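# Pasting the sequence and the predicted model now:
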Amino acid sequence: MTFNIRYGRAEDGPHAWVKRRALVVERIRAFDPDLLALQECEDGPQAQYVKSALPDYAFIGYRREGGGSTAAEMAPVLYKRAAFEQVAAGRFWLSETPDAVGSKSWGAMFARTLTWVQLRPRGSADTMIFASTHFDLIPGAIEAAARLVADWAAEAPVRRQ
């Protein structure tokens, strides 16, 4: 399951995070995914609420950094601990310098990240990669980020950090 939960400090009036957070968790529980990718999850009270409301899930998220009001946003991955064993995890920035913290390229408005986790289903020797990202809103940045992600995915099974 993937879910853009909209960042917690957005001035959304009747749709503000504190007024919809219980519904967000209710929707996640209704689908009961083994794997969950979130977008616009803000490190701090919003992420803490998600973690405490979904205690059966491991939560892996990294701030995108880069300054400004969106620096604390994440694209975290969550997985059910009972279903998977974590092998490795990491993140990179959607930019020409993916290892540079807070970097952005291609005219992007915001620094963006991809968070990944390598998992082994319990009782299996096989592993898989699960990832979450949130592209920028600038078309050229979207296209370049998509190429970067596709190139990364082609070699992801052997990627470790």
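Received the coordinates, thanks.

# Name the nearest residue to residue 71, ignoring sequence neighbours.
residue 65 (5.3 Å; C-beta to C-beta, 6 or more residues apart in numbering). (Glycine included, C-beta is placed from N, CA and C.)

# Could you report the pLDDT at the one you found?
Looking at residue 65, its pLDDT reads 95.

# Pull up the gap between it and residue 101, please.
5 Å (C-beta to C-beta, to the nearest Å).

# again with residue 16
On the measure of C-beta to C-beta, residue 16 and residue 101 end up 30 Å apart.

# burial of the residue nearest to residue 112 when sequence neighbours are not counted, as a residue count?
Spatial nearest neighbour of residue 112, excluding adjacent residues (C-beta to C-beta, 6+ apart): residue 94 at 4.3 Å. For residue 94, the count of nearby residues is 29 (other C-beta atoms under 10 Å).

# Next: residue 67.
Neighbour tally, residue 67, other C-beta under 10 Å: 9.

# That one touches residue 103, doesn't it?
No: taking C-beta atoms under 8 Å as the definition, residue 67 is not a contact partner of residue 103, at 11.3 Å.

# what's the helix or strand for the residue nearest to residue 71?
For residue 65, there is no enclosing helix or strand under DSSP states H and E.

# which ones are touching it?
Residue 65 is in contact with 71, 101-102, 111, counting by C-beta atoms under 8 Å, 6 or more residues apart in numbering.

# Residue 106 is in what secondary structure piece?
Going by DSSP H and E, residue 106 is not in any helix or strand.

# Perfect, that will be all.
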